[in-house]
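Trainee: sequence first, predicted model second:
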Amino acid sequence: LEHKMVVPGGGACEAALSVYLENFATTLGSREQLAIAEFAEALLVIPRTLATNAAKDSTDLVAKLRAYHHKAQTDETKK
């Protein structure tokens, strides 16, 4: 940590984008909603694979990761 910066990894960017896209998809009322929701789900393959390769419970870890990102994206005090 020589540069005092944090680089997100471990599927964090993909999980954050997935949560954002799922929330965005709910604002649409057409077939685009389904395509965006499926793409959001596909993005979660990366954190699931990383968790599985680390011999961790991927379902539990991805659920926690999504919950943290959802809370951060919907927290009104941080906007």
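Mentor: Nice, I can see it. Residues are numbered from 1 along each chain as shown.

Trainee: residues contacting the residue nearest in space to the middle of the chain?
Mentor: Taking Cα atoms, centre = their mean, the centroid of the chain lies closest to residue 15, which sits 1.5 Å from it. By Cβ atoms under 8 Å, 6 or more residues apart in numbering, residue 15 lies in contact with 43-44, 47, 62, 65-66, 69. All C-beta spots, glycine's among them, are computed from the backbone N, C-alpha and C.

Trainee: which one of the residues you listed sits closest to residue 25?
Mentor: residue 43 (12.4 Å; Cβ to Cβ).

Trainee: which element is residue 70 on?
Mentor: Element membership of residue 70, judged by DSSP states H and E, is helix 58-74.

Trainee: hmm, back to that, with adjacent residues omitted, what lies nearest to the residue nearest to the centre of the chain?
Mentor: residue 65 (4.7 Å; Cβ to Cβ, 6 or more residues apart in numbering).

Trainee: just residue 32 next, same as before
Mentor: Nearest non-adjacent residue to residue 32 (Cβ to Cβ, 6+ apart): residue 25, at 7.9 Å.

Trainee: from residue 39, how far out is the one you found?
Mentor: Applying Cβ to Cβ, to the nearest Å, one obtains 9 Å for the distance of residue 25 from residue 39.

Trainee: what's the answer for residue 51, then?
Mentor: 20 Å.

Trainee: for residue 11, same thing?
Mentor: 15 Å.

Trainee: repeat that for residue 64.
Mentor: Distance from residue 64 to residue 39, by Cβ to Cβ: 22 Å.

Trainee: same question, residue 59
Mentor: For residue 59, the distance to residue 39 - Cβ to Cβ - is 20 Å.

Trainee: counting neighbours, go ahead and name the busier of the two.
Mentor: residue 39 (14 against 11; other Cβ atoms under 10 Å).

Trainee: secondary structure class for the more buried one?
Mentor: helix (DSSP: H, G, I helix; E, B strand; the rest coil).

Trainee: distance of it from residue 74?
Mentor: Taking Cβ to Cβ, one finds residue 39 at 20 Å from residue 74.

Trainee: check residue 46 too.
Mentor: From residue 46 to residue 74 the distance is 22 Å (Cβ to Cβ).
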